[in-house]
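Engineer: Predicted model and sequence below, questions to follow.
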Amino acid sequence: QVQLVESGGGLVQPGGSLRLSCVASGYDLIDSVTGWFRRGPGKEREGVSCISRSGDTTNYADSVKGRITISKDNTNNTVYLQIDDLKPEDTGVYYCAASRRFTCSGHGLQPDYDYWGQGTQVTVSS
């Protein structure tokens, strides 16, 4: 059974940082594109970032470029999302997702992934 489990969310003040983790079980992320998405209150789900199988290729939404870094640790079957200079508009539930059907650069910010985690809440507020 494939499971993706996110962690690392929480309440943080504007300007702060968080590192989100996505751990996979029953599925090898080394063979997969992994993406991060978020859904803010009253907003549609948004593709934030993705990383290729090897980790050599990454992609970021324009709304977060310069503040977010995605990385992966294939040894521990984990993908991370580092978010710096957090803003209130970053508030939302963050989901990781995985698929072997497309590339990060080609389709990685679209929500067509095969497997999804349950999400971790990020709240940015003073």
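Structural biologist: In hand now; what should we look at?

Engineer: neighbouring strands for the host helix or strand of G47, and are they parallel or not?
Structural biologist: Following DSSP states H and E, one finds G47 within strand 46-51. Here strand 46-51 has these sheet partners by DSSP bridges: strand 33-39 (antiparallel), strand 58-60 (antiparallel).

Engineer: Show residues contacting the one helix or strand Q121 maps to.
Structural biologist: Per DSSP H and E: Q121 is located in strand 120-124. For strand 120-124, contacts defined as Cβ atoms under 8 Å, 6 or more residues apart in numbering pick out 6-14, 16, 18, 20, 38, 83, 86-94. C-beta here means a position set from N, CA and C on the backbone, and glycine is covered the same way.

Engineer: Can you show me the CA trace of it as PDB?
Structural biologist: Taking Å, rounded to 0.1, in the frame of the first residue of the first chain, the C-alpha atoms of strand 120-124 are listed here in PDB:
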ATOM      1  CA  THR A 120       0.000  19.300   6.700                       C
ATOM      2  CA  GLN A 121      -1.300  22.700   7.900                       C
ATOM      3  CA  VAL A 122       0.800  25.800   7.600                       C
ATOM      4  CA  THR A 123      -0.500  28.900   9.200                       C
ATOM      5  CA  VAL A 124       1.400  32.200   8.900                       C
END
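
Engineer: Run the chain-centre distance for that strand.
Structural biologist: Relative to the mean C-alpha coordinate of its chain, strand 120-124 is positioned 13 Å out (Cα atoms, centre = their mean, to the nearest Å).

Engineer: Ok, stretch 90-103 next?
Structural biologist: Distance, centroid of stretch 90-103 to centroid of chain: 5 Å (Cα atoms, centre = their mean).
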